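Engineer: Attaching a predicted model along with its sequence, questions to come.
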Amino acid sequence: MRHIEIPDLKLSYNMPENLAECSTKEYLALSYLVLQYLSGAINYEEFRIHAVCKLLNIQVSSKFHADEEIMANIYRLSELCSSYFEDTDDGSKKLILDFLQIKIAKVKTALTTYYAPEESLFEITYGEFADASRIFDDFHATGDVFNLYLLASVLYRKRKPFSKKRVIYNANKIEKQAKHFKKYASPSFIYGVYLQFVAFKQYLPTAQIPWGGNFLNFEILFEGGEAENENTIPGIGADSMVFSLAESSVFGNVEKVRSTNFLEIMIHLYDLRKRDLERKKEEDKQNASSK
């Protein structure tokens, strides 16, 4: 957090330096601005100005625009929002998404409240992750915004009556819920959910999970992937692992694999990959000694 004081106005603020430090209200406000920025509705400087005004609760009026000194001060303050982005090799700006916590715990629509997992997306089932990943890829392939409503419908559900536990995930109901979200949920919510999922997917290849006094580095699950080319036959993403695990019967049939906790599946895959790497290392060692 940055502490900002404006003595002339007798005002002081604590301004988040990145999305990870934002409250739910701040995160929702900035999510919508990010959507506008990425869609080309506003440019980078306009994003910063709108963002700092949202974060500092500054009401920008026509009087502000007419006062060059005020606008100059707002512009200087807006430079603080550059910390939300990092520069890429091609000179563009990339939003920093280095958070795992659920930024939007729930959303209220017409007579209904839908809830996210309590702590992080590691709590979802593997089926939820597979469906969310497929929908995520569909959005990037087609640009169809309805996929974002579907994504939110995978990750947010009602609670059971008189319970804090959410109802069991049912993939057959997400389209109906997505239509409900399209009618009642705000773009800030929908795009905020999308950014949460992007942050989660970006974190996975670098995740270090505490286990038995050690840390399991998930990097070994993502390294060494074969580059795609025009002759590559498209894969089916996370759904492929569902079928592979079902064939092995370790977790049961397809439905049982899909209903298994995502982290449990990832730890099993980590163990398989670790053993495979150790076996390969031993084979390379034996081959070297036989020469």
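Structural biologist: Looks like it arrived, so ask away.

Engineer: How are the strands of the stretch 51-200 of the chain distributed by residue range?
Structural biologist: Along the stretch 51-200 of the chain, the segments classed as strands by DSSP state E, counting those that start in this stretch run 85-87, 93-95, 106-109, 112-115.

Engineer: what about the first one, average pLDDT?
Structural biologist: In this model, strand 85-87 has an average pLDDT of 91.

Engineer: With the third one instead?
Structural biologist: Mean pLDDT, strand 106-109: 94.

Engineer: partners of that strand in the sheet?
Structural biologist: Applying DSSP bridges to the sheet, strand 106-109 is found paired with strand 112-115 (antiparallel).

Engineer: For the strand it pairs with, output the C-alpha coordinates as CSV.
Structural biologist: Listed in CSV are the C-alpha atoms of strand 112-115, where the atom choice follows Å, rounded to 0.1, in the frame of the first residue of the first chain:
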residue,chain,number,x,y,z
THR,A,112,-29.9,-15.3,-5.7
THR,A,113,-26.3,-15.3,-4.3
TYR,A,114,-23.5,-17.3,-5.9
TYR,A,115,-20.3,-18.1,-4.0
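
Engineer: Give me the mean pLDDT for it.
Structural biologist: Here the average pLDDT along strand 112-115 is 96.

Engineer: repeat for stretch 136-148
Structural biologist: The model assigns stretch 136-148 a mean pLDDT of 93.

Engineer: for that stretch, which positions count as buried?
Structural biologist: F136, F139, F146, N147, L148 (16 or more other CB atoms under 10 Å). C-beta: built from backbone N, CA, C; applies to glycine.

Engineer: which residues does Y13 contact?
Structural biologist: Applying CB atoms under 8 Å, 6 or more residues apart in numbering to Y13 gives the contacts H3, I4, E5, L55, L56, N57.

Engineer: Check it and give its pLDDT.
Structural biologist: For Y13, the model assigns a pLDDT of 77.

Engineer: partners of the host helix or strand of it in the sheet?
Structural biologist: Element membership of Y13, judged by DSSP states H and E, is strand 11-15. Paired with strand 11-15 in the same sheet, following DSSP bridges, are strand 2-6 (antiparallel).

Engineer: can you list contacts of the strand it pairs with?
Structural biologist: With CB under 8 Å, 6+ apart, strand 2-6 has contacts from L11, S12, Y13, N14, M15, P16, E17, L56, L77, L80.

Engineer: what comes up buried for it?
Structural biologist: Buried residues in strand 2-6 (16+ other CB under 10 Å): none.

Engineer: What of stretch 154-170?
Structural biologist: Neighbour counts over stretch 154-170 (16+ other CB under 10 Å) mark V154, L155, Y156, R157, R166, Y169 as buried.

Engineer: How about the contacts made by the fifth one?
Structural biologist: Think R166. Y115, P117, R157, K158, R159, K160.

Engineer: Swap in 10 Å and give it another go.
Structural biologist: Applying CB atoms under 10 Å, 6 or more residues apart in numbering to R166 gives the contacts Y114, Y115, A116, P117, E118, E123, Y156, R157, K158, R159, K160.

Engineer: now the third one
Structural biologist: When contacts are counted by CB under 10 Å, 6+ apart, Y156 is found next to 104-107, 113-117, 166, 174, 177, 181, 185, 189, 193.

Engineer: Counting neighbours, what do you get for D276?
Structural biologist: 11 (other CB atoms under 10 Å).

Engineer: mind listing what's buried in stretch 22-42?
Structural biologist: Neighbour-count burial for stretch 22-42 [16+ other CB under 10 Å]: 22, 26-37, 42.

Engineer: With respect to pLDDT, which of those ranks lowest?
Structural biologist: L35 (87).
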